[in-house]
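J.: Predicted model and sequence follow; I will ask about them next.
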Number of protein chains: 2
Amino acid sequence: MKNFSIAKSRRLRGTPYTSRIEKQGVTAYTIYNHMLLPAAFGSTEESYHHLKEHVQIWDVAAERQVEISGKDSAKLVQLMTCRDLSKSKDGRCYYCPIIDDNAGLINDPVVLRLNENKWWISLADSDVILFAKGLAIGNKFDVKISEPDVDIMAVQGPKSFKLMEKVFGDKIINLKFFGFDYFEFGGDKHLIARSGWSKQGGYEIYVEHNDSGLKLYDHLFEIGKEFNVKPGCPNLIERIESGLLSYGNDMDNGDNPYECNFDKYINIDNDVKFLGKEKLKKIKTEGINRKLVGVKLNTDKISLTGSLDLIDQNKNIIGELRSACYSPHFKKVIGIAMMKKPYWNGDQDVKAMINGEICVGKVCDLPFI
Amino acid sequence: MKNFSIAKSRRLRGTPYTSRIEKQGVTAYTIYNHMLLPAAFGSTEESYHHLKEHVQIWDVAAERQVEISGKDSAKLVQLMTCRDLSKSKDGRCYYCPIIDDNAGLINDPVVLRLNENKWWISLADSDVILFAKGLAIGNKFDVKISEPDVDIMAVQGPKSFKLMEKVFGDKIINLKFFGFDYFEFGGDKHLIARSGWSKQGGYEIYVEHNDSGLKLYDHLFEIGKEFNVKPGCPNLIERIESGLLSYGNDMDNGDNPYECNFDKYINIDNDVKFLGKEKLKKIKTEGINRKLVGVKLNTDKISLTGSLDLIDQNKNIIGELRSACYSPHFKKVIGIAMMKKPYWNGDQDVKAMINGEICVGKVCDLPFI
């Protein structure tokens, strides 16, 4: 595939870490919430192997927060998601599909409950702040909505625990998955969650204090040498193997949560009020006509920049491949596809035109590993 | 400046023209409304000279439309902008600052009134569709909101009139600035506006019919040879010289319309209802504390990727340079800056650190030319 440069400008916002990662060898960016998100430090496959064995520091400041505070904040946050947050707890993260009144997905953020009257919505790539403002204004909710100066750095990989323990001590090892707490560094308290967009384990540091945050960034590299720490970024191969979905890539506003296997985050059984609830009930009754699944293809190279038709024996289009990569683990191309009914079962043969040749493959369940 | 690749994926949507412009030599992209927007075909300065003399075809499909239709559509569109649309007419375009309830800018689109109950909001870079949906749901408006399959190609430059006349005849020459009408090509009707993001004259073709639209794209290149037609894209130098503001670069949600010289698009004198009106009245009474102006700097090279402090003799920060380029016309660097009061007048000296050296310059009015 031909390489194209990214034309930088103020509109594609840099992060507090940009000057550092550019010295550390970032080679490609994507844009996420109008911000630079590193997409490669050289080879994606080398970075994949490193991530699975060691520890990486990621500039994921592009995961912007929508802060919603005030008397009606819980009501507004609940209105936007089909997940039941009525029993949510302070200090916990919740993966929450955000949908519109037609049950179309708008985002799939992690929602942090700071307290009953203060929430952060840690975003995938869409301007949920505008949706929240529109809803709040229209409903005359008593809330304050803002994008705070929070610039996440992630520490990911199996050695992330040892590295973080070296800085923050025992306490951080005891943090449960999707829990968060405050930890001191450089004279400031930093919110740290046990989370991150890989399945290799790790943390996300929600940096609100720029100066001490940057010191922490540098410190992690200094003391992380013994763990072979490297700069990194969300890794296409690792996230597909792990079945981590990417909003805009694997699903978008044209898809509903049932089609994306979000059943366990859909609550239509009690009287909690949220947008699209009636539509979801209808979809559940009628059943879905397509579903996100995994696909394995018998080829060793793919460079997917958009959707790719998946076809059957008779060249009928039976699905749409939306993300894909070569998997060193499976030694073939794997991907995430929206398959039409009834072609989503694991014994389904699929074909696709890749690199000018017809490849054959099979549908499978997610996650791959 | 070091070049970084853009990591393509389905989330950064391609346009119907992407495969064509990649054959035609696009070298850089920016991302705009989650879509690829070409940012360079080789040298920006060569493209600038060509744009001012000849005619270019631009893939500006990233200028996405929000379509708002239904009984309450006019009410919703008006609610989002401080410009008075009560006397708007079918077949006309309106440049409309969109603001939130705090009078912070959310976008600066061109609004097309298709008819009283159907509007297109032709967007700068932010998800206004989410704002519109939130407001419509909260206010229980009877509207339908969607992003239609409309992929604009622009025909820009002084020879655009001759080129378009060759395809569409006299009628298109008589189209007034910011007027639009329907024109036939390839068996389909295409909405064409006399508009575009340059001051060199031209048209924007709102392509709803993909097949005939692509035929038109190819046709314009075939018959445009006599006018020296070339592929192009919004040009940084031309747009700064012409004082065309870019949302996200020159202004953002932290700025209000008065600070951006949008006075003539602000209506606080009659009873038209829109968000942020009370705040705008307050701002008008109290006066603004900063303003967008032009800046000329005595140097011949700049590569601005974020904001740059502008300082006075005593190194006090007196403004923020937000966009800049070398201007072949003025033979110096020019830019757009948010200047603090009282430093926004034309006799104001400014200094800035550029390429490791202190440069001196002057504040001036916009547009430059």
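T.: Nice, I can see it. Residues are numbered from 1 along each chain as shown, chains lettered A, B, ... in the order given.
J.: hey, let's count contacts and neighbours off CA atoms from now on
T.: Fine.
J.: So the residue nearest to A:V272 when sequence neighbours are not counted: helix, strand or coil?
T.: Distances taken as CA to CA, 6 or more residues apart in numbering or on different chains place A:D84 nearest to A:V272, at 6.9 Å, with adjacent residues excluded. Under DSSP: H, G, I helix; E, B strand; the rest coil, A:D84 falls in the coil class.
J.: what do you get for A:V293?
T.: With three-state DSSP as the basis, A:V293 sits in strand.
J.: mind listing what it touches?
T.: With contact taken as CA atoms under 8 Å, 6 or more residues apart in numbering or on different chains, A:V293 is in contact with A:I336, A:A337, A:M338, A:M339, A:W344, A:V363, A:C364, A:D365, A:L366.
J.: what's the spacing between it and B:S246?
T.: With distances taken as CA to CA, to the nearest Å, A:V293 is found 40 Å from B:S246.
J.: Just the buried ones from the contacts of A:V293?
T.: A:I336, A:A337, A:M338, A:M339, A:W344, A:V363, A:C364, A:L366 (16 or more other CA atoms under 10 Å in any protein chain shown).
J.: Next step: those restricted to strands.
T.: A:I336, A:A337, A:M338, A:M339, A:V363, A:C364 (DSSP state E).
J.: Quick check: the farthest pair among these?
T.: Spatial extent of those (CA to CA) is set by the pair A:M338 and A:C364 at 11.9 Å.
J.: residue boundaries of the helices in the stretch 251-369 of chain A?
T.: In the stretch 251-369 of chain A, the segments counted as helices under DSSP state H, counting those that start in this stretch are A:277-286.
J.: who in it is up against chain B?
T.: Contact residues (CA under 8 Å from any CA of the partner chain) of the stretch 251-369 of chain A with chain B: A:L304, A:T305, A:G306, A:S307, A:R322, A:S323.
J.: just checking, the last one touches A:M251?
T.: No. When contacts are counted by CA atoms under 8 Å, A:S323 is not listed as touching A:M251 (10.0 Å).
J.: Please parse chain A into its domains.
T.: A:18-58+A:150-241, A:65-148+A:256-288, A:289-364 (automatic domain parsing).
J.: looking at chain A, which residue ends up farthest from its center?
T.: The centre of chain A is farthest from one residue, A:N314, which by CA atoms, centre = their mean lies 35.9 Å away.
J.: For the residue nearest to A:G361 when sequence neighbours are not counted, give me its contacts.
T.: Nearest non-adjacent residue to A:G361, counting by CA to CA, 6+ apart: A:L297, 4.1 Å away. By CA under 8 Å, 6+ apart, the residues touching A:L297 are A:K332, A:V333, A:I334, A:K351, A:C359, A:V360, A:G361, A:K362.
J.: How about A:N117?
T.: Going by CA under 8 Å, 6+ apart, the list of residues near A:N117 reads A:I68, A:S69, A:G70, A:K71, A:D72, A:S73, A:A74.
J.: how about 10 Å then?
T.: A:I68, A:S69, A:G70, A:K71, A:D72, A:S73, A:A74, A:K75, A:V143 (CA atoms under 10 Å, 6 or more residues apart in numbering or on different chains).
J.: and if you look at A:K331?
T.: So A:K331 contacts A:K296, A:L297, A:N298, A:T299, A:D300 (CA under 10 Å, 6+ apart).
J.: Kindly report the same for A:G232.
T.: A:21, A:24-26, A:38-42, A:44, A:47-48, A:50-51, A:55-60, A:154-156.
J.: which ones among those are found in helices?
T.: Counting by DSSP state H, the contacts of A:G232 place A:I21, A:T44, A:S47, A:Y48, A:H50, A:L51 in helices.
J.: pLDDT, neighbour count and distance to A:V229 added to the residues you listed, as TSV?
T.: Formatted as TSV, those follow (pLDDT from 0 to 100; neighbours: other CA atoms under 10 Å in any protein chain shown; distance: CA to CA, whole Å):
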residue	pLDDT	neighbour count	distance to A:V229
A:I21	98	19	14
A:T44	97	18	16
A:S47	98	23	11
A:Y48	98	20	13
A:H50	98	18	9
A:L51	98	29	9
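J.: what's the closest of those residues to A:S198?
T.: Of these, the one sitting nearest to A:S198 (CA to CA) turns out to be A:L51, at 8.9 Å.
J.: where does chain A have low pLDDT?
T.: A:1 (pLDDT under 70).
J.: Kindly list the longest strand within it.
T.: Chain A, longest strand under DSSP E: strand A:317-327.
J.: Tell me the strands beside it, with direction?
T.: Strand pairing for strand A:317-327, using DSSP bridges, gives strand A:308-311 (antiparallel), strand A:332-340 (antiparallel).
J.: Include distance to B:S242 when you put those strands into TSV, please.
T.: As requested, the strands paired with strand A:317-327 are exported to TSV (distance: least, CA to CA, whole Å):
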stretch	distance to B:S242
strand A:308-311	41
strand A:332-340	46
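J.: re the thing from before, which residues are in contact with each of A:M338 and A:C364?
T.: Counting by CA under 10 Å, 6+ apart, the contacts common to A:M338 and A:C364 are A:V293, A:G294, A:V295, A:W344.
J.: residues contacting the third one?
T.: By that I understand A:V295. A:310, A:321, A:323-324, A:333-339, A:344, A:346, A:348-350, A:361-366, A:368.
J.: residue contacts, the spatially closest residue to it that is not a sequence neighbour?
T.: Closest residue in space to A:V295, ignoring its immediate chain neighbours: A:V363 at 4.5 Å, by CA to CA, 6+ apart. Counting by CA under 10 Å, 6+ apart, A:V363 makes contact with A:293-297, A:334-337, A:339, A:343-350.
J.: do you know how far A:V363 is from chain B?
T.: Look at A:V363 and chain B: by CA to the nearest CA, to the nearest Å, they are 20 Å apart.
J.: now swap in A:L245 and tell me
T.: 12 Å.
J.: Could you count how many residues lie near A:S195?
T.: Neighbour count of A:S195, defined by other CA atoms under 10 Å in any protein chain shown: 23.
J.: which ones are touching it?
T.: Residues in contact with A:S195, defined by CA under 10 Å, 6+ apart, are A:93, A:110, A:154-156, A:176-180, A:201-205.
J.: so A:G335 makes contact with A:S307?
T.: No. Judged on CA atoms under 10 Å, A:G335 makes no contact with A:S307 at a distance of 11.1 Å.
J.: Touching both of these two, which residues are there?
T.: Taking CA under 10 Å, 6+ apart as the contact rule, A:G335 and A:S307 both touch A:D250, A:L321, A:R322, A:S323, A:A324.
J.: Look up which helix or strand A:S212 falls in, please.
T.: For A:S212, the element it lies in under DSSP states H and E is helix A:210-223.
J.: Quickly list what A:K296 is bridged to.
T.: A:I334, A:K362.
J.: residues contacting it?
T.: A:324-327, A:330-336, A:349-350, A:360-364, A:368.
J.: Repeat that for A:A62.
T.: A:A62 makes contacts with A:13-15, A:30-38, A:122-125, A:150-153, as judged by CA under 10 Å, 6+ apart.
J.: filter these down to the ones close to chain B.
T.: A:R13, A:G14, A:T30, A:I31, A:Y32, A:N33, A:H34, A:M35, A:L37, A:P38, A:D125 (CA under 10 Å from any CA of the partner chain).
J.: The stretch 51-200 of chain A: strands as residue ranges?
T.: Taking DSSP state E, counting those that start in this stretch as the criterion, the stretch 51-200 of chain A contains strands spanning A:55-59, A:65-69, A:92-95, A:98-99, A:105-107, A:110-115, A:118-122, A:144-146, A:151-156, A:180-185, A:188-193.
J.: deepest of these, which one?
T.: Stretch with highest mean neighbour count among those: strand A:151-156 (a mean of 28; mean count of other CA atoms under 10 Å in any protein chain shown).
J.: Which elements pack onto it?
T.: Counting contacts by 3 or more CA pairs under 10 Å, 6 or more residues apart in numbering or on different chains; DSSP states H and E, strand A:151-156 packs against strand A:55-59, helix A:160-168, strand A:188-193, strand A:202-207, helix A:210-223, strand A:229-232.
J.: please redo it, this time with the cut-off set to 7 Å
T.: On a contact count with 3 or more CA pairs under 7 Å, 6 or more residues apart in numbering or on different chains; DSSP states H and E, strand A:151-156 meets strand A:55-59, strand A:202-207.
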